[in-house]
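**Q** Model the structure of this input:
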Amino acid sequence: RVTLFRDAILDLFETEMGDAFSAWARDGWGQLLSYIGGALIWVRANFSDRLRVLQESWHAANEVGKRQMTEAEKQRMLHQSKK
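**A** Numbers count the residues shown, from 1 in each chain. A predicted model of the protein is given here:
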């Protein structure tokens with residue numbers, strides 16, 4: 001996937017910049033994009049458990065917040081109905 005994305009970006013640069021996008025620039029950008037893609041893959045491979053825990057805890061925290069908001073809305077509705 002990294003190679004596909006890298007090549008698509010490089011082709012876009014080449015199309016938009018024409019002759020201004022030299023072989024030297026293409027090589028440099030290719031190396032940079034490959035490095036970044038490799039780093040993202042490494043993070044996903046080495047920290048996938050931690051990322052999953054963060055995602056699950058974030059989801060759980062948001063669900064609690066929604067429930068609390070729902071309870072607050074119920075209290076507000078009860079208060080308004082007593083008027």
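**Q** any idea how far the biggest helix by length in the chain is from the chain center?
**A** With secondary structure taken from DSSP state H, the chain has its longest helix at helix 23-81. In terms of CA atoms, centre = their mean, to the nearest Å, the centre of helix 23-81 is set 7 Å apart from its chain centre.
**Q** And that helix, what does it pack against?
**A** Under the contact definition 3 or more CB pairs under 8 Å, 6 or more residues apart in numbering; DSSP states H and E, helix 23-81 sits against helix 2-17. Quick note: C-beta positions are derived from backbone N, CA and C, even for glycine.
**Q** tell me the average confidence for the helix it packs on?
**A** Computed over helix 2-17, the mean pLDDT rounds to 95.
**Q** between that helix and helix 23-81, how big is the angle?
**A** Put simply, helix 2-17 runs at 110 degrees to helix 23-81, going by axes from the mean of the first three to the mean of the last three CA atoms, to 10 degrees.
**Q** Can you point out the buried residues in helix 2-17?
**A** Going by neighbour count (16 or more other CB atoms under 10 Å), the buried part of helix 2-17 is 6, 10, 13-14.
**Q** For the chain, give me the ranges with low pLDDT.
**A** 65-66, 68-71, 77, 82-83 (pLDDT under 70).
**Q** Out of the buried residues of helix 2-17, which is nearest to residue 41?
**A** Taking CB to CB as the measure, residue 41 lies nearest residue 6 of the buried residues of helix 2-17, at 12.3 Å.
**Q** ok, the closest one touching residue 32?
**A** No. Assessed by CB atoms under 8 Å, residue 6 is found out of contact with residue 32, at 9.1 Å.
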